[in-house]
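Chemist: With the input below, show me the fold.
(chains A and B)
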Amino acid sequence: KNEVEQSPQNLTAQEGEFITINCSYSVGISALHWLQQHPGGGIVSLFMLSSGKKKHGRLIATINIQEKHSSLHITASHPRDSAVYICAVTNTGNQFYFGTGTSLTVIP
Amino acid sequence: EAGVAQSPRYKIIEKRQSVAFWCNPISGHATLYWYQQILGQGPKLLIQFQNNGVVDDSQLPKDRFSAERLKGVDSTLKIQPAKLEDSAVYLCASSTPSGANVLTFGAGSRLTVL
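Modeler: Reported below is the predicted structural model:
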């Protein structure tokens, strides 16, 4: 069993839809990261959070430490949001555990 | 701030040949990671350095893979001899050493083994 589980694995949405990607983890963490990887591109860090909620533009990330769960929301989705979104957690030993990613396709 | 630099971006070799990848992390980032990412999967840690010491290399196939980080800055990852299943993107990342860290990735080195 992976330390980090994401759902769904694949997601197709119409432009403008509200999108939610979920992440559950089973290890003690010091932080949770949401990463974005465009096809053929590098990995970009979107958020790092250890509690509560963070917002950047149309992206919102929340975390519930008690439930060991985080969500990434995209409001008013756009085709340029099409990418793989990866959830990762850091333990206190500075080790990272990655989910397998959610492949998002936003159709115009 | 300059990002994590990696080279080469692409490499095609035949099986049983050797290859080396280079990484220059963000200045001041003491922790450096090498990850292997196979198409459709999340990154898999190969090795983690703290300065020039190895923190975790439990998933590094040591019969064919080696990595070093001399002087605690640049790092090289070598594969010798390569196998078909080594075809993947090799990602280098760096972070500050303690607490909740921002992980910064390089663009990756895509290896194709024929």
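Chemist: neighbours around the residue of chain A found nearest chain B, how many?
Modeler: Closest contact between chain A and chain B, by Cβ to the nearest Cβ, is at residue A:31 (3.5 Å). (Glycine included, C-beta is placed from N, CA and C.) With neighbours defined by other Cβ atoms under 10 Å in any protein chain shown, the count for residue A:31 comes to 21.
Chemist: Run through the bridge partners of it.
Modeler: With DSSP bridges as the criterion, residue A:31 is bridged to residue A:90.
Chemist: And it, how far from residue A:8?
Modeler: Separation of residue A:31 from residue A:8 (Cβ to Cβ, to the nearest Å): 24 Å.
Chemist: ok, the helix or strand containing residue A:44: who's next to it in the sheet?
Modeler: In this assignment (DSSP states H and E), residue A:44 forms part of strand A:43-49. If you go by DSSP bridges, strand A:43-49 pairs up with strand A:31-37 (antiparallel).
Chemist: quick one: low-confidence ranges for chain A?
Modeler: A:1 (pLDDT under 70).
Chemist: For it, which segments count as strands?
Modeler: Along chain A, counting by DSSP state E, strands occupy A:4-7, A:10-14, A:19-25, A:31-37, A:43-49, A:52-56, A:59-64, A:69-74, A:83-90, A:96-98, A:102-107.
Chemist: Show me the contact partners of the second one.
Modeler: The one in question is strand A:10-14. A:19, A:21, A:77, A:102-107 (Cβ atoms under 8 Å, 6 or more residues apart in numbering or on different chains).
Chemist: at 7 Å what do you get?
Modeler: A:19, A:77, A:102-107 (Cβ atoms under 7 Å, 6 or more residues apart in numbering or on different chains).
Chemist: What residues sit buried inside stretch B:62-75?
Modeler: By neighbour count on 16 or more other Cβ atoms under 10 Å in any protein chain shown, the buried set for stretch B:62-75 is B:65-67, B:69, B:73, B:75.
Chemist: Close to chain B: what parts of chain A are there?
Modeler: Residues of chain A found near chain B (Cβ under 7 Å from any Cβ of the partner chain) are A:30-31, A:33, A:42-43, A:45, A:48, A:50, A:86, A:90, A:94-96, A:98-101.
Chemist: center of chain B - which residue?
Modeler: For chain B, residue B:34 is the residue whose C-alpha lies nearest the centre (Cα atoms, centre = their mean; 2.8 Å).
Chemist: contacting residues for that residue?
Modeler: Contact analysis of residue B:34 by Cβ under 7 Å, 6+ apart lists B:46-47, B:67, B:77, B:90, B:92.
Chemist: Specify which member of those is nearest to residue A:56.
Modeler: Lowest distance from residue A:56 to the contacts of residue B:34 (Cβ to Cβ) belongs to residue B:92, with 24.9 Å.
Chemist: could you measure the closest one against residue B:50, distance?
Modeler: 15 Å.
Chemist: Same check on residue A:67?
Modeler: 32 Å.
Chemist: rewinding a little: spatially, what comes nearest to the residue nearest to the centre of chain B if we skip its sequence neighbours?
Modeler: Excluding the flanking residues, the one nearest residue B:34 by Cβ to Cβ, 6 or more residues apart in numbering or on different chains is residue B:46, at 4.5 Å.
Chemist: residue contacts, that neighbour?
Modeler: Neighbours of residue B:46 in contact, by Cβ under 7 Å, 6+ apart: B:34-36, B:59-60, B:65.
Chemist: same thing but 8 Å
Modeler: Listed by Cβ under 8 Å, 6+ apart, the contact set of residue B:46 reads B:34-36, B:57, B:59-60, B:65, B:67, B:77, B:90.
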